[in-house]
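Peer 1: I need the structure of the sequence given here:
(one chain, ligands or ions: 1)
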Amino acid sequence: MFMPLSHTTPPCLPINCQPACCNDRNSRLLKSFVKERIDKHKEDWNPSESRDFIDCYLQEIAKDNGNGIFQEENLMACAVDLLLAGTETTSTTIRWALLYMAMYPEIQARVQAEIDTVIGQGRQPALDDRSNMPYTSAVIHEVQRKSNIVPFGVPRMTVKDTVVDGFRIPKGTTVLTNLTSVMFDQNEWETPDAFNPGHFLKDGQFWKRESFVPFAIGKRSCPGELLARTELFLFFTALLQKFTFQVPPDTTLGLQFKLGITLTPKPYKICAVPR
Ligand code: HEM
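Peer 2: Numbers count the residues shown, from 1 in each chain. Modelled structure (predicted):
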């Protein structure tokens, strides 16, 4: 179970904390959408059959009549967090992936060749295909490493005086994990600043690397990792199965970004040409 992000995030981060979902209007819309869903779940709730997260939470609230830690306010905050953390991140990664594909047509062509061999055009991609597609997996990992969309993890706060590697961190200190330093470490990566899927390939097979940490590590690492990895594989392969992404005529694409809670590419235009 996780705490709402708002309980662990300091109110004023020294960065531009304004993803589209954070502005007042969008935040109100999101909250009222979640409230509607919770009310609907309460209406047709059957305690002996949990359909999803909201049902399970309602069950926990009912156990101690809403007097314990499980309360409707927390349910609301957790559901909003899941929607925010779960949509902005995956869609931003896909935006980076399409940008890289348009900028590196030879890499895109190799992904498409693998899709054509393993999946073909006659059916949609399935998760089972992933283990037969080392090059595509390497490209998705390299997109995640190089685009580095959550460069400082999620801000945390020490709950007691702590010593890390000889450094004393007093209780109540906000701590950011510098994931960038690991994913661009010159001692770990052969060409840290290049977009190079070869970082994740050895003898033609997918190579899992310890320094690949876009979801952070440890007991507070991203709870959505499995879902995100599944979504990224299915969306990316489905898109490249049907389209080739190209730089529009007379346009130069670049890797300019905007740093907010996530590191997103600046808006860009590319052509999706049906295959
Ligand atoms: C490419 C996609 C994603 C990336 C790169 C990503 C990355 C991260 C990172 C770095 C953290 C901070 C971990 C830490 O502080 O140690 C985090 C936290 C979190 N992520 Fe993700 N995430 C992604 C997708 C998702 C999805 C799909 C969901 C849910 C459906 C999700 C839900 C969360 C939540 C709720 C937290 C806060 C957990 C807590 O406070 O303990 N994330 N994520």
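Peer 1: up against the ligand, what does the chain have?
Peer 2: 2-3, 5, 8, 81-82, 85-86, 89-90, 93, 149-150, 153-154, 156, 214-216, 220-224, 227-228 (Cβ under 6 Å from any ligand atom). For the C-beta atoms, the positions are set from N, CA and C on the backbone; glycine is no exception.
Peer 1: let's go with 5 Å and repeat that
Peer 2: By Cβ under 5 Å from any ligand atom, the part of the chain that sits against the ligand consists of 2, 81-82, 85-86, 89-90, 93, 150, 153-154, 214-216, 220-222, 224, 227-228.
Peer 1: in the stretch 151-275 of the chain, which residue sits closest to the ligand?
Peer 2: Here the stretch 151-275 of the chain gets closest to the ligand at one residue, G224, 2.1 Å apart by Cβ to the nearest ligand atom.
Peer 1: tell me how many other residues crowd the closest residue to that residue other than its chain neighbours.
Peer 2: Leaving aside its sequence neighbours, G224 sits nearest to G86 (Cβ to Cβ, 6 or more residues apart in numbering; 5.4 Å). The local packing of G86 (other Cβ atoms under 10 Å) involves 16 other residues.
Peer 1: ok, the residue of the stretch 151-275 of the chain closest to the ligand - contacts?
Peer 2: Contact partners of G224, counting by Cβ atoms under 8 Å, 6 or more residues apart in numbering, are 82, 85-86, 89, 215.
Peer 1: for the ligand, what's the nearest residue on the stretch 1-150 of the chain?
Peer 2: Closest approach between the stretch 1-150 of the chain and the ligand, counting by Cβ to the nearest ligand atom: G86, at 2.8 Å.
Peer 1: flag every buried residue along the host helix or strand of that residue.
Peer 2: Using DSSP states H and E, G86 sits in helix 72-103. Of all the residues in helix 72-103, those buried under the rule 16 or more other Cβ atoms under 10 Å are 74-82, 84-86, 88-90, 92-103.
Peer 1: for P125, grab the count of nearby residues.
Peer 2: Here the count is done by other Cβ under 10 Å, and P125 has 21 residues near it.
Peer 1: when you give positions from now on, start the count at 22
Peer 2: OK, 22 is where the count begins now, so the last one is P146.
Peer 1: pull the contacting residues for it.
Peer 2: For P146, the contacting residues are 136, 140, 254-255, 258-259, 262, by Cβ under 8 Å, 6+ apart.
Peer 1: now the residues you listed in JSON lines, with pLDDT?
Peer 2: Compiled in JSON lines, the contacts of P146 are given as follows (pLDDT from 0 to 100):
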{"residue": "I136", "pLDDT": "98"}
{"residue": "I140", "pLDDT": "98"}
{"residue": "F254", "pLDDT": "98"}
{"residue": "L255", "pLDDT": "98"}
{"residue": "T258", "pLDDT": "98"}
{"residue": "A259", "pLDDT": "98"}
{"residue": "Q262", "pLDDT": "98"}
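Peer 1: among those residues, who's most crowded?
Peer 2: For the contacts of P146, the largest number of neighbours (other Cβ under 10 Å) sits with T258, at 25 neighbours.
Peer 1: so how far is F264 from the residue nearest to that residue when sequence neighbours are not counted?
Peer 2: Leaving aside its sequence neighbours, T258 sits nearest to P146 (Cβ to Cβ, 6+ apart; 4.0 Å). From P146 across to F264, the span is 13 Å (Cβ to Cβ, to the nearest Å).
Peer 1: equivalent analysis for A118, please.
Peer 2: 12 Å.
Peer 1: swap in S53?
Peer 2: Distance from S53 to F264, by Cβ to Cβ: 35 Å.
Peer 1: who's more crowded, those two?
Peer 2: More crowded of S53 and F264, by other Cβ under 10 Å: F264, with 17 against 10.
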